[in-house]
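Chemist: Show me the folded form of this:
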Amino acid sequence: LLVPCDQLIPGSTLHSAHQHAFTDTLTCLLSFPFLLLYTALAMSLTNAHHPHLVPQNADLCSADSPPEVLHAVAIPYPAQGHINPMMELCMKLAVNGVSITFVNTEYNLKRMLESQDGGASPRSSVVFSGQGSGAGIRLVSVPDGLPPNHSRTGNILELTQAADRMGGALEELVKRLMTKSPPVSFIISDVAMPCTQDVASKLGVLRVALRTANVATHSLYCHLPQLIAEGALPIGVKDAFESKEWITSIPGIPRLHPSELPSVLIQDGEAEFFVGFASRIISSLHQATWLLVNSFYELESKAIDATKLTFPIHPVGPLLPTSLLLDQSNSSDTRIGTALWTEEKDCLQWLNSQTQSSVLYISFGSIATLSSSQVEELAAGIEASMKPFLWVCRPDLVNGDSAALSPDFLRRTEERGRVVPWVPQLSVLAHPSVACFLSHCGWNSCLESIFMGVPILAWPNFAEQKLNARFIVEWWKVGYHFKARPDGIVDRREVESVIRAAMGGECRKLRERASELKEKARKAVVEGGSSYTNLEAVIRDVKQRLQQTTSSS
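Modeler: Numbers count the residues shown, from 1 in each chain. From the prediction side, this is the model:
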């Protein structure tokens, strides 16, 4: 059955601009076991759309939606690495008949819409039609309270504080949605948005929490009181790096050096806030009905088994487009409009001209920055390696400096290198020309690389990335790491040496181990797999709880 979804795109009265919308024709199937096939078909049909003007004061929910449709309000932490997995989770829920209102900040929604079609024509909403009448995904926005020229992810402390103050605006939005049809059934929110638990508790709705990082990081945060009691925290940056002690008391995690703790816990002047904020997160999760994690059992079995003894978690990852499971060659359909930068898709044509497993892909994600001296050494090492490369160099990669790479470097390497501001990363990693991924080790990038069977050259920058790098190199053995000098700089000789080793004789071994993890990741998300089964159980439990609530009332 092909169902047009013109009516699934209500405009938010919280967003001042006139609203446009996609109209997609998507296949509606009958049950959750068809999730993979349905999503593949849906993603392949997203090009069949046309603009549609929506009045500024249009209702957020259709007045004639059937009462049995579940309605979830999805609230990600306002950063790219949190928005993507939340959207993928919502895609899976929409396929299973859930209506989704996806809440961005006004700042992020504007960027998201402007990034579509090269920024040519902003749209108000990117919509996905799910199974059943009324099911689908709508984008709305609320203000974040920061000035327009604020860098947001350039200052994580201020962004987190602003996000934590969004509770009032989110409460008003949810209250208004509760008067529509279908009313709000539950909230899905990022664990880094503990204010949403206050909203859920106050309004009497269920909350599903999503941790977009790994289970090991969650376990570490759960043991903050223990780390404080043991004297491991608080600790400053200098003391952390010079420490001779190792942390060995976190269940399911190998011994950890203090310098490998999440960076927010050891940053001078900010650690006190983030330790307290992390404690609030854990407290709010004890009130949530479910905690989902963007990981899978076969990847983190020790950490998952240890954590489940004290904290119920449900790994449902990797939260990536399931269309790639069935047709990896159809790698252009990998997101439904969540990028905050305009993607340079011409790089895929350039990759087509390269030989198989020959290209080094380089990206430091959406937030990480490097010093100008470090970029100079990195560029020199890449050039000396003589390997073809595709380098994502954001305008703000070097402390906001748009001139990150010298014109001489670009001229000398133009025959074998391509430098772009942003790319469709999953499409790049899926390309047969890509041999290795020099990555900042953000969790999404780790999962995407694993999902595509691509080895990782670990260059961790902040957050939990050093812990991720330990897993990549020492536990999973699918990558290499770089050794820095005493001043913290990785010099050009080290860069050249690691690239040559990873893309030379060791490449085959790395790719074999990466392929093993790739198969485990794919098995986890297909029917009968660990993550598939977990998500199916959570959806079933949601419906049963809501039915019981309706019956008792």
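Chemist: For this structure, give me the ranges with low pLDDT.
Modeler: Residues of the chain meeting the criterion pLDDT under 70: 1-68, 117-135, 322-337, 400-403, 550-553.
Chemist: Kindly recompute the last result at 80.
Modeler: Within the chain, the ranges that satisfy pLDDT under 80 run 1-68, 116-135, 267-268, 322-341, 399-404, 505-506, 549-553.
Chemist: Quick check: longest helix in it by residues?
Modeler: Counting residues, the longest helix found in the chain (DSSP state H) is helix 530-552.
Chemist: how about that one: buried residues?
Modeler: 530-532, 534-536, 538-539, 542-543, 546 (16 or more other Cβ atoms under 10 Å). Yep, even glycine has a C-beta here, placed from its N, CA and C like the rest.
Chemist: could you check the distance from the residue nearest the centre of the chain over to Arg470?
Modeler: Nearest residue to the geometric centre of the chain (Cα atoms, centre = their mean): Gly81, 3.5 Å. Distance of Gly81 to Arg470, computed by Cβ to Cβ, to the nearest Å: 19 Å.
Chemist: ok so, going back, OK, contacts around the residue nearest to the centre of the chain?
Modeler: By Cβ atoms under 8 Å, 6 or more residues apart in numbering, the residues touching Gly81 are 212, 365-367, 442-444.
Chemist: For it, which three-state class applies?
Modeler: Classification of Gly81 using DSSP: H, G, I helix; E, B strand; the rest coil returns helix.
Chemist: Okay, it and Arg111: tell me how far apart.
Modeler: 14 Å.
Chemist: next one: Leu261
Modeler: Remark: distance between Leu261 and Arg111 (Cβ to Cβ) = 31 Å.
Chemist: helix/strand/coil for Val103?
Modeler: When classified by three-state DSSP, Val103 comes out as strand.
Chemist: Wait, it touches Val140, no?
Modeler: Yes - using Cβ atoms under 8 Å, Val103 makes contact with Val140 at a distance of 5.7 Å.
Chemist: the more surrounded of those two?
Modeler: Val103 (30 against 23; other Cβ atoms under 10 Å).
Chemist: Nearest residue to that one in space, please, no chain neighbours.
Modeler: Spatial nearest neighbour of Val103, chain neighbours left out: Ile75 (4.9 Å); criterion: Cβ to Cβ, 6 or more residues apart in numbering.
Chemist: now do Gly381
Modeler: Val495 (2.4 Å).
Chemist: And for stretch 302-316, what's in contact with it?
Modeler: Taking Cβ under 8 Å, 6+ apart as the rule, stretch 302-316 contacts 89, 211, 214-216, 218-219, 222, 251-253, 285, 290-297, 300, 530-531, 534-535, 537-538.
Chemist: quick one: contacts for Leu390?
Modeler: Here Leu390 is in contact with 347, 350-351, 359-362, 417-418, 420, 423, 428, 434 (Cβ under 8 Å, 6+ apart).
Chemist: Which strands border the host helix or strand of it, and is each parallel or antiparallel?
Modeler: Secondary structure assigned from DSSP states H and E places Leu390 in strand 389-392. Looking at strand 389-392 with DSSP bridges, its partner strands are strand 359-363 (parallel), strand 417-420 (parallel).
Chemist: And those strands: which comes nearest Thr160?
Modeler: Checking the strands paired with strand 389-392 against Thr160 by Cβ to Cβ gives strand 359-363 as the closest, at 23.6 Å.
Chemist: Following the chain onward from that closest one, which element is next?
Modeler: Next helix or strand after strand 359-363 toward the C-terminus (DSSP H and E): helix 372-385.
Chemist: got the angle for that next one vs strand 359-363?
Modeler: Between helix 372-385 and strand 359-363, the angle comes out at 170 degrees (axes from the mean of the first three to the mean of the last three Cα atoms, to 10 degrees).
Chemist: quick one on the thing from earlier: spit out the residues that contact Val103 and Val140 alike.
Modeler: Leu173.
Chemist: Make sure Ala163 is actually in contact with Pro194.
Modeler: No - applying Cβ under 8 Å, one finds Ala163 not in contact with Pro194, separated by 9.6 Å.
Chemist: Which of these two has more residues huddled nearby?
Modeler: Neighbours around Ala163 and Pro194, counted as other Cβ under 10 Å, are more numerous at Ala163. The numbers are 27 against 24.
Chemist: is it true that Leu426 touches Leu320?
Modeler: Yes - using Cβ under 8 Å, Leu426 makes contact with Leu320 at a distance of 6.9 Å.
Chemist: Common neighbours of these two, please.
Modeler: By Cβ under 8 Å, 6+ apart, Leu426 and Leu320 have these common neighbours: Glu448.
Chemist: burial measure for the closest residue to Ser243 other than its chain neighbours, as a count.
Modeler: In space, Ser243 comes closest to Pro258 once its chain neighbours are excluded; the distance is 4.6 Å by Cβ to Cβ, 6+ apart. Applying other Cβ under 10 Å, we find 22 residues neighbouring Pro258.
Chemist: any idea how far Val490 is from Pro258?
Modeler: 21 Å.
Chemist: try Val498
Modeler: In this view, Val498 and Val490 are 9 Å apart by Cβ to Cβ.
Chemist: the more surrounded of these two?
Modeler: More crowded of Val498 and Val490, by other Cβ under 10 Å: Val498, with 23 against 19.
Chemist: give the contact list for the more buried one.
Modeler: 457, 480-482.
Chemist: which of those has the most neighbours?
Modeler: In terms of neighbour count, Leu457 stands highest of the contacts of Val498 at 26 neighbours, by other Cβ under 10 Å.
Chemist: any idea which helix or strand carries that one?
Modeler: Assigned by DSSP H and E, Leu457 falls in strand 456-458.
Chemist: helix or strand right after that strand?
Modeler: Sequence-wise, the next helix or strand downstream of strand 456-458 (DSSP H and E) is helix 465-470.
Chemist: which strands and helices sit next to that following helix?
Modeler: Where contact means 3 or more Cβ pairs under 8 Å, 6 or more residues apart in numbering; DSSP states H and E, helix 465-470 is packed against helix 215-222.
Chemist: what residues does the helix or strand just after the helix it packs on touch?
Modeler: Counting by DSSP H and E, the next helix or strand C-terminal to helix 215-222 is helix 224-229. Under the contact criterion Cβ under 8 Å, 6+ apart, helix 224-229 has outside partners 220, 233-234, 247, 249, 275, 278-279, 282.
Chemist: Now tell me what touches the next helix-or-strand element following helix 224-229 from outside.
Modeler: The C-terminal neighbour of helix 224-229 among helices and strands, as given by DSSP H and E, is helix 237-242. With contact meaning Cβ under 8 Å, 6+ apart, helix 237-242 is reached by 258-259, 261, 266-268.
Chemist: Mind checking which of these are in helices?
Modeler: Using DSSP H, no member of those sits in helices.
Chemist: Distance check, Ile75 against Phe102.
Modeler: Distance, Ile75 to Phe102, by Cβ to Cβ: 8 Å.
Chemist: ignore the last one, Val140
Modeler: Taking Cβ to Cβ, one finds Val140 at 7 Å from Phe102.
Chemist: One more: Leu170?
Modeler: For Leu170 relative to Phe102 (Cβ to Cβ), the value is 13 Å.
Chemist: mind giving me a markdown table with the contacts of helix 237-242 and columns for distance to Thr338?
Modeler: Formatted as a markdown table, these follow (distance: Cβ to Cβ, whole Å):
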| residue | distance to Thr338 |
| --- | --- |
| Pro258 | 35 |
| Ser259 | 33 |
| Leu261 | 29 |
| Ile266 | 31 |
| Gln267 | 28 |
| Asp268 | 34 |
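Chemist: List buried members of those by neighbour count.
Modeler: Buried residues within these, counting neighbours by 16+ other Cβ under 10 Å: 258, 261, 266-267.
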